[in-house]
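*Asks:* Fold the following.
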Amino acid sequence: MLQQRLHQLFILSVVLKGLHAAIELAGGIALYLFSTNVILAWLWEAGRSSDWIARFAHGFSPPEHEFYAFYLVSHGIINGTIVAGLLLGKRWSYHATFVVLTLFIAYQLYRYSYTHDIGLIAITIIDLIVMTLAWNEYRLFKHHLSTR
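*Replies:* Below is the predicted model of the structure:
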């Protein structure tokens, strides 16, 4: 019963991770489609009612624009690939999950130390949950292979 619940949570967390990957990919592509000046104009307009957006717009530069576009596209593709592998039960995807998410978590915490963006902590928590559930699934996967 517990393993069934954990499996359901695993599937749910992986699906949510996949949706997040799709949103990242779409956001990164959108950033590539618009110039820094256009994005800044939107941010300044939105920043009139939000101090947080105004502060973000103040520091948004062409290198930041390129970083966010690249980060979102690459992060979305990598996470999407891992999600597809996990949902298809591919053995490589478990190993990739542990390595890639560990690297992402390390980078997100490093980045948090500079930006104090709470969103990075939320993504890190989700990554840790996915890793924990993936570890449980991997143990079951290995057990299933050994009983064949």
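
*Asks:* so what secondary structure elements neighbour the lowest-mean-pLDDT helix or strand in the chain?
*Replies:* Every helix and strand of the chain was ranked by mean pLDDT, DSSP states H and E. The lowest is helix 51-59, at a mean of 76. With contacts taken as 3 or more CB pairs under 8 Å, 6 or more residues apart in numbering; DSSP states H and E, helix 51-59 sits against helix 36-47. Just so you know, the C-beta spots here come from the backbone N, C-alpha and C atoms, and that holds for glycine as well.

*Asks:* List the buried residues in the helix it packs on.
*Replies:* 39-40, 43, 47 (16 or more other CB atoms under 10 Å).

*Asks:* Format those as TSV; extra columns: distance to Ala22 and pLDDT.
*Replies:* Formatted as TSV, the buried residues of helix 36-47 follow (distance: CB to CB, whole Å; pLDDT from 0 to 100):
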residue	distance to Ala22	pLDDT
Ile39	21	88
Leu40	26	85
Leu43	23	81
Gly47	27	72
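
*Asks:* how deep is Ser93 tucked in, by neighbour count?
*Replies:* If you count neighbours by other CB atoms under 10 Å, Ser93 ends up with 21.

*Asks:* This structure: helices as residue ranges?
*Replies:* Here the chain has its helices, by DSSP state H, at 2-33, 36-47, 51-59, 62-87, 91-115, 118-146.

*Asks:* Worst mean pLDDT among those helices?
*Replies:* Comparing mean pLDDT across the helices of the chain, the weakest is helix 51-59, with a mean of 76.

*Asks:* Can you give me the buried ones in it?
*Replies:* In terms of neighbour count (16+ other CB under 10 Å), helix 51-59 has its buried residues at 53, 56-57.

*Asks:* Pick out whichever of those sits closest to Asp117.
*Replies:* Phe56 (9.4 Å; CB to CB).

*Asks:* now the closest one, nearest residue through space, not along the chain?
*Replies:* Leu43 (6.5 Å; CB to CB, 6 or more residues apart in numbering).

*Asks:* which one is Ile11 nearest to, not counting chain neighbours?
*Replies:* Leaving aside its sequence neighbours, Ile11 sits nearest to Leu87 (CB to CB, 6+ apart; 7.6 Å).
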